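Student: coords please:
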Amino acid sequence: MSQSFLSRIDDDFDPDGNVYDSLFVQYEKVVVQSLITSFGLDFIVRDQHGGDVDTIHNVRQIGKDRDMTYKNQDNAAAWNAHGKYDSREYHSHRSYIETNREVSRSKKAGTLVDGYTGERIGPLDKSDLDHIIAAKEIHDDPGRVLSGLNGADLANSPDNLTATSPRTNRTKKADSMDTFLEKYGDEYTQEQKDNMRRKDRQAREQYEATLASAYYTSPAFFRDSAAAACKTGALMGLRQALGLVFSEMWFAVRDRIRARSSRSESLFRAIGEGLKDGYANAQRRYREVMRTFVDGAISGVLSSVTTTLCNIFFTTAKNFIRIIRQTWASLVEAARIVFFNPDCLPFGERMRAAAKVIAAGASVVVGTMAGEMISATGIGSIPVVGEIVSTFCSTLVTGIMCCSLLYFLDRNAIINGLVRLLNSISPVGELIEWFREQSRLLSLYSAQLMQIDLERFEQETAAFNGYVLDLEKAGSQRELHQVLTRMQKDLGLNKPYRHETFDEFMKDDDAVLVFE
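Tutor: Now for the predicted structure:
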């Protein structure tokens, strides 16, 4: 919710009037603004389940989460082309063969130990080389395909290979360690099972780190993230700017309808004139519209980046993304007020204005959560009606909470006392402005004492400074002559000779310099 809208509310609030009448006027405005911006124009920014960028976590949910899809079709094509698991490719890998030879040498030397149980494997005992994370699991891992890494290389990394007994290897097959121990855990001691889980955890940590390093530092990920951030920023900026324009139109139409001179006056004419007035108001405030667009774009970029980072670790639902967007929109607006103070507010009022923006953003967040809770009930499952009820309740909660917080920030005695205290504090920026003003007043006072026309003196000083700069920039005798001639004409100085140019004067033997 923009600061301009909060200012409009404050303008309509009459501190000497009926408190409840003023409060309900604000309720109306906030509900309308919420419908226009936070709900009515949300279709402009299309949130996707899981964000706009593919992450390793999210692609692994495809098929498990019915709402999850690939965001980049190139990544989907790579997954579809990854092929079926071929055991020979993984077990004929050079690293697998070399590690197997090392295992054989250790067994002959009598130093081979089962990597899972810790038991010694004798020279005459049989042994297998097991993939701790099953080779098939790695091959069919969407996260591995997304990272663009070779499955055989990852599966046959030294961190993922261990010597064990044929019984363990051949019963484990392609199962995960947890699944395997659920089936055959009775064959091992608790210490052995703990060690097996530790080996599996270490192998998976190394595997995940390799995937993350490869994908999240890749040009493809940065390209997709940048594209998503720019798109969301542009759409969010458009949403915020249109919200301001449509709000102006709505309030202008409402005022025109209320101001109709008689019932015989055409309602549609009043609406048309109101739309024109609203559009004209928005045009006059084009700087604020542009500023709103920029603020919305910044918050959109930040929300996109935040959403992408969140989806690296967990899946964000559509409403959660909406909450992120609204949070960043409020924080960007509040930061602009605190650090740039565009309305030149005293320090305390500046803090109150920032608090109002954050309160409005928090209200939208709570309203969104309320709508999500309703959607999860039986009402939300009713076609068409469920969505309408959810949106209405979200808007209603947003409006009531927002207006209540604004009323509290305006009327609470403790808040007002704190604002007055902060207003009495002079921040560094305001102190500098005070010194500048004192310097200006001192110059004015000195000019009066010396009977100097300060305004004329400043104009003449600025003019002479301009002449000096022009003389410094002159790159030739001709340019220098042009500057001097212009100075002579501007200052009204008479030349000491009557000739057009100094060259003509020098060529005239009878010429005489006459200074007046």
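Student: distance between whichever strand or helix holds residue 505 and the chain's centre?
Tutor: Residue 505 belongs to helix 502-507 when assigned by DSSP states H and E. On the basis of C-alpha atoms, centre = their mean, to the nearest Å, helix 502-507 is displaced by 71 Å from the centre of the chain it belongs to.
Student: got a list of contacts for that helix?
Tutor: By C-beta atoms under 8 Å, 6 or more residues apart in numbering, the residues outside helix 502-507 that reach it are 497, 499, 511. Backbone N, C-alpha and C define where each C-beta goes, glycine included.
Student: looks to me like the first one is in a strand.
Tutor: No: counting by DSSP: H, G, I helix; E, B strand; the rest coil, residue 497 is not part of a strand but coil.
Student: center of the chain, which residue is that?
Tutor: Computing the C-alpha centroid of the chain and ranking residues by C-alpha atoms, centre = their mean puts residue 302 first, at 1.2 Å.
Student: grab the nearest non-local neighbour of it.
Tutor: Using C-beta to C-beta, 6 or more residues apart in numbering and skipping the chain neighbours, the partner closest in space to residue 302 is residue 328 (4.5 Å).
Student: next: residue 156.
Tutor: The shortest distance from residue 156 to any residue other than its chain neighbours is 4.0 Å, reached at residue 95 (C-beta to C-beta, 6+ apart).
Student: what count of nearby residues applies to that neighbour?
Tutor: Other residues within reach of residue 95, judged by other C-beta atoms under 10 Å, total 15.
Student: in which helix or strand would I find the nearest residue to residue 55 once chain neighbours are set aside?
Tutor: In space, residue 55 comes closest to residue 311 once its chain neighbours are excluded; the distance is 4.6 Å by C-beta to C-beta, 6+ apart. Using DSSP H and E, residue 311 falls within helix 286-313.
Student: burial of residue 179, as a residue count?
Tutor: When neighbours are defined as other C-beta under 10 Å, residue 179 has 13 of them.
Student: report whether the expected contact of residue 402 with residue 359 is present.
Tutor: Yes: distance between residue 402 and residue 359: 6.7 Å, which falls inside the contact criterion (C-beta atoms under 8 Å).
Student: these two: who's more crowded?
Tutor: Comparing residue 402 with residue 359 by other C-beta under 10 Å, the one with more neighbours is residue 402, at 30 against 21.
Student: quick check, pLDDT for the more buried one.
Tutor: You'll see residue 402 listed with a pLDDT of 76.
Student: is it in a helix, a strand, or coil?
Tutor: Residue 402 carries the three-state label helix when classified by three-state DSSP.
Student: relative to residue 124, how far out is it?
Tutor: Noted for residue 402: a distance of 80 Å to residue 124, by C-beta to C-beta, to the nearest Å.
Student: what does residue 150 give?
Tutor: From residue 150 over to residue 124 the distance is 36 Å, taken as C-beta to C-beta.
Student: look at the two and report which has more neighbours.
Tutor: Counting neighbours by other C-beta under 10 Å for residue 150 and for residue 124 shows that residue 150 has the greater number, 13 against 7.
Student: residues touching that one, list them.
Tutor: Listed by C-beta under 8 Å, 6+ apart, residue 150 has no contact partners.
Student: okay, now residue 351: neighbour count?
Tutor: Residue 351: 19 surrounding residues under other C-beta under 10 Å.
Student: for the closest residue to it other than its chain neighbours, give me phi and psi.
Tutor: For residue 351, the nearest residue in space outside its immediate sequence neighbours is residue 422; the separation is 5.8 Å by C-beta to C-beta, 6+ apart. The main-chain torsion angles of residue 422 are listed as degrees, to the nearest 10 and equal phi -70, psi -30.
Student: for residue 163, same thing?
Tutor: phi -80, psi 140.
Student: tell me which element the closest residue to it other than its chain neighbours falls in.
Tutor: On the basis of C-beta to C-beta, 6+ apart, the spatially nearest residue to residue 163 that is not a chain neighbour turns out to be residue 103, at 4.7 Å. Taking DSSP H and E as the definition, one finds residue 103 inside helix 94-109.
Student: buried set for that helix?
Tutor: Judged by neighbour count (16 or more other C-beta atoms under 10 Å), helix 94-109 contains these buried residues: 96, 99-100, 103, 106-107.
Student: for stretch 391-410, same thing?
Tutor: 391, 393-407, 409-410.
Student: cool, stretch 490-498 as well?
Tutor: With burial defined by 16+ other C-beta under 10 Å, the residues of stretch 490-498 counted as buried are residue 497.
Student: ok, stretch 154-168 next?
Tutor: 154-157, 159-165, 168.
Student: only alpha carbons, please: show it as CSV.
Tutor: Presented in CSV, the C-alpha positions along stretch 154-168 are these (Å, rounded to 0.1, in the frame of the first residue of the first chain):
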residue,chain,number,x,y,z
LEU,A,154,29.0,-39.1,-9.4
ALA,A,155,28.0,-42.6,-8.5
ASN,A,156,31.6,-43.8,-8.8
SER,A,157,33.1,-41.0,-6.7
PRO,A,158,35.4,-42.4,-4.0
ASP,A,159,33.0,-40.9,-1.4
ASN,A,160,30.2,-43.1,-2.7
LEU,A,161,32.0,-46.5,-3.0
THR,A,162,32.7,-48.9,-0.1
ALA,A,163,33.7,-52.5,0.2
THR,A,164,31.1,-54.8,1.9
SER,A,165,29.9,-58.3,1.9
PRO,A,166,28.0,-59.8,-1.0
ARG,A,167,25.0,-60.4,1.2
THR,A,168,24.8,-56.7,2.1
